[in-house]
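Trainee: no FASTA, just this:
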């Protein structure tokens, strides 16, 4: 038998759900409402900042990040912050990986709320941790709720951290003050760290409350964000972690052995666009843009068998597909070829025990051109006939 060179650490992993359905979309020439990346260009001030940065700034940046970017982040997040509280990362995804490497010892438990961004359990297990899962509950009005009794039951003396994503991918939920305060109270009781993934902080259609702003949260919270979603530049992979000095110092120790330094021209460009966004009202324009796109997609689904749930934030909407009688994977496998639209099966974002909760759901992304959203809506109106 040929030797397997893959470590046990990665042998249980397979191709990501995004790679699979993007490939299916491309093969069928389908409109890709699966993977969450914009199909339109970022604003001109963003492109101009990149062009200017590309003319210089070609060598390694300091380990914490380029000083001009750290200054822009401090201006955005709080003038009392210094480099001791900030770490520039290769997108929020690397910030998450570095956080897990910095915090976890073998056997430490991490509470994950389902459905989750698919990197969460992988990052936990690669650091030797053990995920413990708490599923969100869909309500009759289309919103999602966190069962606080189930949340408490997931915390044990082995709990080291909880990852909380708000606004939430893939449901579009924005966590309430009561839910956030319950998370903070449990983290304090069990002496756990909160990893707040807030990459959709500026795409919220109801008030978004930063986790670290809640009473008692700051001393035990690492907040992750990035420019990717906010400025439609997912390929830049420029993110940051912010938190108290002891947590950021630990994260930095791990980060230095992952990329060592983050792309200098992109850091320079990120600093420029953050400065301009603050002064120009860009964030309000962004929120209005995505509110309109969400409403456009929801309206387009009105004539289809898909029933959209409430999206309070992010650029995703979940839809109930039970009228079609197929499970989410079978439906999403067939969609590109039969109707020319790609979507993501949300069971990919659940633990094995809870995958049945997503059996009749699909995730759609509305970070697409108006033309693509309207065309997708027209195609989805033929779903019932296509699956008859």
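Mentor: That came in fine, so what should we check first? Every value quoted in this text rests on a predicted model; they were computed, and no experiment measured them.

Trainee: drop to CA atoms for contacts and neighbour counts, all remaining ones
Mentor: Noted.

Trainee: Same question for stretch 350-362: list its buried residues.
Mentor: By 16 or more other Cα atoms under 10 Å, the buried positions in stretch 350-362 come out as 350, 351, 354, 355, 357, 358, 359, 360, 361, 362.

Trainee: Averaged pLDDT, stretch 100-118. What do you get?
Mentor: Mean pLDDT, computed over stretch 100-118, is 98.

Trainee: again, but for stretch 192-205
Mentor: What stretch 192-205 shows for mean pLDDT is 99.

Trainee: centre of the chain versus it, how much separation?
Mentor: Distance of stretch 192-205 from the chain centroid (Cα atoms, centre = their mean, to the nearest Å) equals 8 Å.

Trainee: Kindly report the same for stretch 318-329.
Mentor: The answer for stretch 318-329 is 23 Å, by Cα atoms, centre = their mean.

Trainee: Over to stretch 42-57?
Mentor: Here stretch 42-57 shows a centroid-to-chain-centroid distance of 25 Å under the convention Cα atoms, centre = their mean.

Trainee: Pull the residues that contact it.
Mentor: 231, 232, 233, 264, 265, 266, 268, 269, 270, 272, 273 (Cα atoms under 8 Å, 6 or more residues apart in numbering).

Trainee: Please apply the same query to stretch 353-371.
Mentor: 33-40, 135, 170-171, 290, 293-294, 296-297, 315-322, 325-329, 332, 343-348, 350, 373.

Trainee: out of the buried residues of stretch 350-362, which are inside helices?
Mentor: Assignment to helices by DSSP state H places none of these there.

Trainee: Any chance of a PyMOL selection covering the buried ones in the contacts of stretch 353-371?
Mentor: Of the contacts of stretch 353-371, the buried ones can be selected in PyMOL as follows, counting by 16+ other Cα under 10 Å:
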select buried, resi 33+34+35+36+37+38+135+170+171+290+293+294+296+297+315+316+317+318+319+320+321+322+327+328+329+332+343+344+345+346+347+348+350+373
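
Trainee: What about the contacts of stretch 353-371, which are in strands?
Mentor: The members of those that map onto strands under DSSP state E are 135, 316, 317, 318, 319, 320.

Trainee: Which two among the contacts of stretch 42-57 are spaced furthest apart?
Mentor: Maximum pairwise distance among the contacts of stretch 42-57 (Cα to Cα): 19.0 Å, between 232 and 264.

Trainee: between the buried residues of stretch 350-362, which is nearest residue 277?
Mentor: Among the buried residues of stretch 350-362, residue 362 lies closest to residue 277 (Cα to Cα), at 33.3 Å.
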